[in-house]
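Novice: With the input below, show me the fold.
(2 chains)
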There are 2 protein chains.
Amino acid sequence: MKQITSKSNEYIKNIRRLKQKKFRDETGNYYIEGLRLIGEALRTDTHLESILFCSDLLISDFGLQAIKIAEEKGIEIIEVTEEIFQSFSLKEGPQGLAAVGKQKWIDLDEVISPKGLWIVLDKIQDPGNLGTIMRSLDGAGGKGLILVGNSTDAYHPTAVRSSTGALFSKSICKTTESKLIDWKKTTTVPFIGTVCETAISYKQYEYPEDMILFMGSEQKGLQKEIIAICDELITIPMGGSVDSLNLACAASIVLFEIYDKRNRK
Amino acid sequence: MKQITSKSNEYIKNIRRLKQKKFRDETGNYYIEGLRLIGEALRTDTHLESILFCSDLLISDFGLQAIKIAEEKGIEIIEVTEEIFQSFSLKEGPQGLAAVGKQKWIDLDEVISPKGLWIVLDKIQDPGNLGTIMRSLDGAGGKGLILVGNSTDAYHPTAVRSSTGALFSKSICKTTESKLIDWKKTTTVPFIGTVCETAISYKQYEYPEDMILFMGSEQKGLQKEIIAICDELITIPMGGSVDSLNLACAASIVLFEIYDKRNRK
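Specialist: Next up, the predicted model:
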């Protein structure tokens, strides 16, 4: 076990830099905080570079147990002072347990014939929505996530937190519009697009066993180029005066309809 | 039309103070920003005290039209400088249109026999979730919202924004646990509680025409005292490794199941 006592230690500075996408991209690292998330990362054998704890803050048995498990797994354990922990913590009332994880992306080419339920998010902007959708995807028995174009980062601290650990168990891929369009020529799995315009109700559609659900961005929905490669378009009929739903809510409504239809088979 | 050119003008200072719940409670005012939201407030005859605009920022015809409509309705119009607008704006890249609204709460006693679909949120903590649930409630044809106990504020700027205007058309009530328990003795409308534990699947349940759906807080779910007054408990069956869904997503899944079942009747 290592101890760090200076806030200006290079490793600690780098942890603070993980809030920046540029630095996450350069290093392939990301920041994880909190008992539940780190417990879930350890349970799923997620690749962690280090675990940081502060003994003045970490009072939970679960947390102390997590450190033991991490040590047995050969993960570097670093003890820091409360001042240091507070310098990188993103929580009000931090629990004194954090980690540096190694990002894990799969390439679109590796997903030649996806099995089960996948979701494509086309230019999603909000990391909270992204994490929340991963959480719902996991709850609905989904397998993986494909981010298209200029999307927000799956390893943004807010996405990590709001995924409540679903991030660790799902396959995550990022790609471009043109690669996705090329990929469509090689894969037989159906592309089901979700749109606000008139289309088949998500309730009426018979979802295939293997499928990819497409959702667009918060502001603009699915791009035309993406709609063009969808095999089917579905929509969520609505009342009231709002003209759309929050993206994570819309995704969850469709995902749980699919989950229910599968389970009834 | 009035003009204000000083950031330290008392009215402008008070607009900035509307970020604080204490000040919102004291004045009964709240802050609204953006073209779509203010368009929706005007369309629904929401009580606005004033509209503030900055001619250097407000370039949209829709926005200029909104000011005309507001003037015809007798709402005070205040022109401010860009510096002033930026001093209270909560947006990156503000559109130059904001308003001060008057909060509208109904009393629980006024809701003696609620018609249609209502939702009770028991100690909800996150204003983003609250706004998002109002948006989904509206989309699912719901009528009103009852906040119980130490909930976040429906007029928090984040709740207002994420409601995308649903806030203006729904009846909103806040009450205490004990008042709600007393109220249960006088009303015949069924209370349907949503829980994580074993209960009837939300898919199997036959929802009555008039009903109140109960959702608990993000961290703790429904309180025991509230579960005790529910006529029925439902749950969302899940797979994967996550143990719950985001509150707004869970609410949306149930609300849209209810909406679909009603429309099929």
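
Novice: what angle do the helix ranked longest in chain A and helix B:247-264 make?
Specialist: The residue-count maximum for a helix in chain A (DSSP state H) belongs to helix A:247-264. Between helix A:247-264 and helix B:247-264, the angle formed by their directions is 60 degrees, by axes from the mean of the first three to the mean of the last three C-alpha atoms, to 10 degrees.

Novice: Remind me what helix A:247-264 packs against, helices and strands.
Specialist: Counting by 3 or more C-beta pairs under 8 Å, 6 or more residues apart in numbering or on different chains; DSSP states H and E, the packing neighbours recorded for helix A:247-264 are strand A:117-122, helix A:127-139, strand A:191-194, strand A:211-215, helix B:127-139, helix B:247-264. From N, CA and C alone the C-beta is placed, and that goes for glycine too.

Novice: mean confidence for it?
Specialist: Confidence over helix A:247-264 (mean pLDDT, whole number) is 96.

Novice: Please parse chain A into its domains.
Specialist: Following automatic domain parsing, one finds the domains of chain A at A:2-102, A:108-264.

Novice: Select, out of the helices and strands packed on helix A:247-264, the one closest to B:Asn9.
Specialist: Closest to B:Asn9 of those is helix B:127-139 (C-beta to C-beta; 27.5 Å).

Novice: next one: whichever helix or strand comes after the closest one to chain centre, how far?
Specialist: The helix or strand immediately downstream of helix B:127-139 is strand B:144-148, counting by DSSP states H and E. For strand B:144-148, the distance between its averaged C-alpha position and the chain's averaged C-alpha position is 9 Å (C-alpha atoms, centre = their mean, to the nearest Å).

Novice: Can strand B:144-148 be said to contact chain A?
Specialist: No - looking at strand B:144-148 against chain A by C-beta under 8 Å from any C-beta of the partner chain, there are no contacts, and the closest approach is 12.2 Å.

Novice: Does that strand pack against any helices or strands, and if so which?
Specialist: Packed against strand B:144-148 by the contact rule (3+ C-beta pairs under 8 Å, 6+ apart) you find strand B:117-122, helix B:127-139, strand B:171-175, helix B:177-184.

Novice: just how off-centre is the shortest one within its chain?
Specialist: For strand B:171-175, the gap between its own C-alpha mean and the chain's C-alpha mean amounts to 10 Å (C-alpha atoms, centre = their mean).

Novice: repeat for stretch A:67-82
Specialist: Relative to where its chain is centred, stretch A:67-82 has its mean C-alpha point 24 Å off (C-alpha atoms, centre = their mean).

Novice: May I see the buried residues of that stretch?
Specialist: Neighbour-count burial for stretch A:67-82, counted by 16 or more other C-beta atoms under 10 Å in any protein chain shown, picks out A:Ile67, A:Ala70, A:Ile75, A:Glu76, A:Ile77, A:Ile78, A:Glu79, A:Val80, A:Thr81.

Novice: Other residues contacting it?
Specialist: Outside of stretch A:67-82, the residues within contact range by C-beta atoms under 8 Å, 6 or more residues apart in numbering or on different chains are A:1-5, A:11-12, A:42, A:45, A:48-57, A:96-97, A:99.

Novice: could you give the mean pLDDT of it?
Specialist: The average pLDDT for stretch A:67-82 rounds to 96.

Novice: most tightly surrounded among the domains of chain A?
Specialist: Between the domains of chain A, the one whose residues have the most neighbours on average, counting mean count of other C-beta atoms under 10 Å in any protein chain shown, is domain A:108-264 (a mean of 20).

Novice: Just send the buried residues of stretch A:67-82 back as TSV, with secondary structure too.
Specialist: Rendered in TSV, the data for the buried residues of stretch A:67-82 read as follows (DSSP: H, G, I helix; E, B strand; the rest coil):
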residue	secondary structure
A:Ile67	helix
A:Ala70	helix
A:Ile75	coil
A:Glu76	strand
A:Ile77	strand
A:Ile78	strand
A:Glu79	strand
A:Val80	strand
A:Thr81	coil
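
Novice: all strands for the stretch 1-150 of chain A, in order.
Specialist: Secondary structure of the stretch 1-150 of chain A (DSSP state E, counting those that start in this stretch): strands at A:2-4, A:29-33, A:48-53, A:76-80, A:97-102, A:117-122, A:144-148.

Novice: what's near enough to touch the residue nearest to A:Gly165 when sequence neighbours are not counted?
Specialist: Once flanking residues are discounted, A:Gly165 sits nearest to A:Glu40: 3.2 Å by C-beta to C-beta, 6 or more residues apart in numbering or on different chains. Contact criterion C-beta under 8 Å, 6+ apart gives A:Thr46, A:Thr164, A:Gly165, A:Phe168, B:Ser241 as the residues in contact with A:Glu40.

Novice: same deal with A:Leu247?
Specialist: Each residue near A:Leu247 by C-beta under 8 Å, 6+ apart is listed here: A:Ile124, A:Asp126, A:Asn129, A:Ile133, A:Met215, A:Ser217, A:Glu218.

Novice: Same check on A:Trp105?
Specialist: Contacts of A:Trp105 were listed using C-beta under 8 Å, 6+ apart, and they are A:Ile172, A:Cys173, A:Lys174.

Novice: what are the bridge partners for the second one, then?
Specialist: Listed beta-bridge partners, A:Cys173: A:Ile106, A:Ile146 (assigned using DSSP bridges).

Novice: My guess is it contacts A:Val111. True?
Specialist: Yes - in this structure, A:Cys173 is within contact of A:Val111 by C-beta atoms under 8 Å, at 6.2 Å.

Novice: is it true that A:Asp126 touches A:Thr152?
Specialist: Yes - contact between A:Asp126 and A:Thr152 holds when scored by C-beta under 8 Å: they sit 6.3 Å apart.

Novice: ok, back up a step: quick one: common contacting residues for A:Cys173 and A:Val111?
Specialist: Taking C-beta under 8 Å, 6+ apart as the contact definition, A:Cys173 and A:Val111 share the neighbouring residues A:Gly144, A:Ile146.

Novice: Quick check: the closest residue to A:Val195 other than its chain neighbours vs A:Met215, distance?
Specialist: Sequence neighbours aside, A:Leu233 is the residue nearest to A:Val195 in space, at 5.2 Å (criterion: C-beta to C-beta, 6+ apart). Between A:Leu233 and A:Met215 the computed distance is 12 Å (C-beta to C-beta, to the nearest Å).
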